[in-house]
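Colleague: Need a 3D model of the following:
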Amino acid sequence: MKVALIGLPKTGKTTIFNALTHSEHSTDKYAPPVSEAYVGIVPVADERVDRLSALYQPKKTIHATIEYHDFPGIFGREGDTADNNLLSELKSADAFLVVLKGFADEELDSLYAYGSPLQQLNHLEEEFILNDLIVAEKRLEKIELGYKRGVKTPAIQIEEKAIKEIIACLQDNRPLRLLELSGEEAKAIRGFQFFSSKPLLVLVNSSEGELSQAEAVAAELNSQAYQAYAIAGKFEEELSKLDSDEAELFMADMGLSESIRDRLTHWSYQLLGYISFFTVGADEVRAWTLEKGSNAVTAAGKIHSDLARGFIRAECFKYSELMEHGSEKVLKEKGLFRLEGKEYIVKDGDIISIRFNV
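Modeller: A predicted model of the protein is given here:
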């Protein structure tokens, strides 16, 4: 899972990235922009993994992870165009985490036309919509040229229908994440990785003293169907440098129950519609990330391609029932082990062992 931190220059992306990944990259507002994204791999906090590890005492315990990329600021000034290599790398992200400037700084305001946090978000959305529209219109031109040359297959016609719907949506200045395509159409255009189709999580970054204003902005964005949160980035960065006991005291003062790392990983899971299933044993206890609604064969493929290829059955039981009864032996005695077929929809918290033959 790859999540890209994006936004206008100097909005506090790297401050938040440092807090999230326990890094120490420069956040000096006078520092020149970097040319490449910072990358950090963050474990997803899940007490279920820890409790399973305590029960099985494995040689290895592996949490699910999220890969965060802190990209240089983009579209900071009117007429700015982002580097093509940067835009190509952005396209590979599964989701965008947009950081908006919600703190006062006259010097930065004189350098970049930030406007309000809502204006910043609209600016980014408009740029992505414009980029997507250019790509979609070029593709439609190629399809129509192909028709003139006699290339008109059912697959191309499905793609043409999808592209025309996409162009209409973008010309209406609406991001593609609001467009509902049929299954066939969505599959036909999957390779384009349109910017405005990416799931979006918004952070309104403010100082501690301005947090209430940031919360009001986040509430307004949530009313517009965004997933938005207010955050005091500098405070979170300083908090990440403290030991756990000190951090808990300061978090309590701010009314926080979780660290920024735990909150952001959970928000990212929620944004992308992911769940976790587990594999357990003496060698390893591990959490695996899976899209909600996926079947048992897809889950098997997450573990190893051979398991999906030679899938016979999935042996399943629930984490909650294991914790309630204390052992696999008791679960078997109570008939709580299940054998599921290929089309079984995996649930969050399922513990799975794959029977296969290659």
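
Colleague: quick one: contacts for residue 120?
Modeller: Contact criterion C-beta atoms under 8 Å, 6 or more residues apart in numbering gives 7, 8, 11, 100, 101, 114 as the residues in contact with residue 120. All C-beta atoms are positioned from the backbone trio N, CA, C, and that covers glycine.

Colleague: typo on my end, it should be residue 117
Modeller: If you count contacts by C-beta under 8 Å, 6+ apart, residue 117 has them with 100, 101, 102, 204, 214, 217.

Colleague: Most neighbours of all the residues you listed, which one?
Modeller: When neighbours are taken as other C-beta atoms under 10 Å, the top entry among these is residue 204 (31 neighbours).

Colleague: Count the neighbours of residue 337 for me.
Modeller: By the measure other C-beta under 10 Å, the count of residues near residue 337 is 15.

Colleague: How is the residue lying closest to residue 75 once chain neighbours are set aside assigned, secondary-structure-wise?
Modeller: For residue 75, ignoring the flanking residues on the chain, the nearest one in space by C-beta to C-beta, 6 or more residues apart in numbering is residue 127 at 5.0 Å. Under DSSP: H, G, I helix; E, B strand; the rest coil, the three-state class of residue 127 is helix.

Colleague: ditto for residue 115
Modeller: Reducing the assignment at residue 115 to three states with three-state DSSP gives coil.

Colleague: related to what we said a few turns ago, got a markdown table for the contacts of residue 120, with distance to residue 339 and secondary structure too?
Modeller: Written out in a markdown table, the entries for the contacts of residue 120 read as follows (distance: C-beta to C-beta, whole Å; DSSP: H, G, I helix; E, B strand; the rest coil):
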| residue | distance to residue 339 | secondary structure |
| --- | --- | --- |
| 7 | 48 | coil |
| 8 | 53 | coil |
| 11 | 51 | coil |
| 100 | 49 | strand |
| 101 | 54 | strand |
| 114 | 58 | coil |
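
Colleague: thinking again about what came up before, could you report the neighbour count for the residue nearest to residue 75?
Modeller: 18.

Colleague: ok, now residue 297?
Modeller: Here the count is done by other C-beta under 10 Å, and residue 297 has 18 residues near it.

Colleague: After the helix or strand it falls within, which helix or strand is next?
Modeller: Using DSSP states H and E, the secondary-structure element containing residue 297 is helix 296-303. Under the assignment DSSP H and E, the closest C-terminal helix or strand after helix 296-303 is helix 305-309.

Colleague: Now find how far off-centre that following helix is within its chain.
Modeller: Computed by C-alpha atoms, centre = their mean, to the nearest Å, the separation of helix 305-309 from the middle of its chain amounts to 26 Å.

Colleague: Which secondary structure elements does it sit against?
Modeller: Identification of packing neighbours for helix 305-309 by 3 or more C-beta pairs under 8 Å, 6 or more residues apart in numbering; DSSP states H and E yields helix 296-303, strand 350-356.

Colleague: Contacts for that helix next, please.
Modeller: Identification of contacts with helix 305-309 by C-beta under 8 Å, 6+ apart yields 297, 298, 300, 301, 354, 356, 358.

Colleague: residue contacts, the fourth one?
Modeller: Shown in contact with residue 301 (C-beta under 8 Å, 6+ apart): 307, 308.

Colleague: run the last query once more with 6 Å
Modeller: Shown in contact with residue 301 (C-beta atoms under 6 Å, 6 or more residues apart in numbering): residue 308.

Colleague: Model confidence score at it, please.
Modeller: Per-residue pLDDT puts residue 301 at 97.

Colleague: Relative to residue 307, how far out is it?
Modeller: The spacing between residue 301 and residue 307, counted by C-beta to C-beta, to the nearest Å, is 7 Å.

Colleague: And the third one, by the same measure?
Modeller: Distance, residue 300 to residue 307, using C-beta to C-beta: 4 Å.

Colleague: Of those two, which one has the most company?
Modeller: Between residue 300 and residue 307, counted using other C-beta under 10 Å, residue 300 has the larger neighbour count: 24 against 21.

Colleague: My read is that the more buried one contacts residue 311, right?
Modeller: Yes - at 5.2 Å, residue 300 and residue 311 qualify as touching, with contact defined as C-beta atoms under 6 Å.

Colleague: returning to what we had before: make JSON lines from the helices and strands packed on helix 305-309 and add distance to residue 34 to it.
Modeller: Output for these, formatted as JSON lines (distance: least, C-beta to C-beta, whole Å):
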{"stretch": "helix 296-303", "distance to residue 34": "33"}
{"stretch": "strand 350-356", "distance to residue 34": "41"}
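
Colleague: Between the ones you listed, which one is closest to residue 195.
Modeller: Between residue 195 and the helices and strands packed on helix 305-309, the shortest separation by C-beta to C-beta is 26.3 Å, and it involves helix 296-303.

Colleague: tell me the angle of that closest one relative to strand 350-356?
Modeller: Orientation note: helix 296-303 sits at an angle of 90 degrees relative to strand 350-356 (axes from the mean of the first three to the mean of the last three C-alpha atoms, to 10 degrees).

Colleague: Centre of the chain to helix 296-303, how far?
Modeller: Averaged over its C-alpha atoms, helix 296-303 has a centre that lies 20 Å from its chain's centre (C-alpha atoms, centre = their mean).

Colleague: same question, stretch 149-162
Modeller: For stretch 149-162, the distance between its averaged C-alpha position and the chain's averaged C-alpha position is 32 Å (C-alpha atoms, centre = their mean).
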